[in-house]
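# After the sequence you'll find the predicted model.
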Amino acid sequence: MNVLLALGTGAIVAIVIGGVLLLLIIWLIGMYNGLVAMRNRVKNAWAQIDVQLQRRYDLIPNLVETAKGYMKHESETLEAVTQARNMAQSAAGAMGADPTSAANMKAFAGAEAGLSGVLGRLMAVAEAYPDLKANENMMQVQEELTTTENKVAFSRQAYNDSVMHYNNGRQQFPSNIVAGMFNFAESAMWEVESAEVKAAPKVDFGA
């Protein structure tokens, strides 16, 4: 008590204000670090998707080259697959640079939908070529693509879970204050809307 009296009212007020500011700074740091951790989980989840996507993008040229030997009159379809694959790969690269960007996700999802569409058309056309269906290399690509598509779907779910957790964190009070102060922008899930795109392209030449 004697110490407080010796300090005086002004000093006591200064100590209290200093203590409050210190607690506020600690709180701010904790909220900021929490948002960074959630954002980094989104980036890591995308990295798992990207590994599988690059594997798929590497398989598609093999698919096209093999089909060329049998589908000489389907050059337009094969060129469409190649172009769509290149667009999707470019969009995936932009996502890799900033996996939390909603704009990047919109462009990527559109490019992936286009790629899935032309792959589906290629598979439908290929049904008219029995020799192509029996080609050993084509059957191997079929198996690898199917496995890769399944891994992409699994990784997409993990990514969407991370995005939801991050978005919840940046929207909830009081962390939304910190998110606004430090520009933690809302991220977007990878949503697949159409029934055609939800199903992985059927690469089945064994029938």
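That came through fine.
# Report the contact partners of the residue nearest to the spatial centre of the chain.
For the chain, the residue nearest the mean C-alpha position is residue 46 (4.4 Å; C-alpha atoms, centre = their mean). Residue 46 makes contact with 95-96, 99, 159 under the criterion C-beta atoms under 8 Å, 6 or more residues apart in numbering. Just so you know, the C-beta spots here come from the backbone N, C-alpha and C atoms, and that holds for glycine as well.
# do you know how far it is from residue 158?
Using C-beta to C-beta, to the nearest Å, one obtains 10 Å as the distance from residue 46 to residue 158.
# if we can go back for a sec, in what helix or strand does the residue nearest to the centre of the chain lie?
helix 9-68 (DSSP states H and E).
# Just the angle for the helix or strand following that helix relative to helix 9-68, thanks.
Sequence-wise, the next helix or strand downstream of helix 9-68 (DSSP H and E) is helix 75-97. For helix 75-97 against helix 9-68, the angle between stretch directions is 160 degrees (axes from the mean of the first three to the mean of the last three C-alpha atoms, to 10 degrees).
# In helix 75-97, which residues are buried?
Buried residues in helix 75-97, counting neighbours by 16 or more other C-beta atoms under 10 Å, are found at 77-78, 80-81, 84-85, 87-89, 91-92, 94-96.
# Any idea how far apart the tips of stretch 95-110 sit?
In terms of C-alpha to C-alpha, to the nearest Å, the two terminal residues of stretch 95-110 are separated by 13 Å.
# Give me the distance from that stretch to the chain's centre.
Relative to the chain's own centre, stretch 95-110 is displaced by 7 Å; criterion: C-alpha atoms, centre = their mean, to the nearest Å.
# For this structure, give me the ranges with low pLDDT.
Low-confidence segments of the chain, defined by pLDDT under 70: 1-8, 193-207.
# mind running it again at 50?
195-197, 199-207 (pLDDT under 50).
# Now distance to residue 61 too, for the contacts of residue 46, in CSV please.
Below are the contacts of residue 46 laid out as CSV (distance: C-beta to C-beta, whole Å):
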residue, distance to residue 61
95, 21
96, 20
99, 25
159, 25
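# from those residues, which two are the most distant?
By the measure C-beta to C-beta, the contacts of residue 46 have their two most distant members at 96 and 159, which lie 12.5 Å apart.
# Would you agree residue 126 is in contact with residue 132?
Yes - in terms of C-beta atoms under 8 Å, residue 126 counts as a neighbour of residue 132; the distance is 5.6 Å.
# Looking at those two, which has the bigger crowd around it?
residue 126 (21 against 17; other C-beta atoms under 10 Å).
# any idea how far the more buried one is from residue 16?
As for residue 126, its distance to residue 16 is 77 Å (criterion: C-beta to C-beta).
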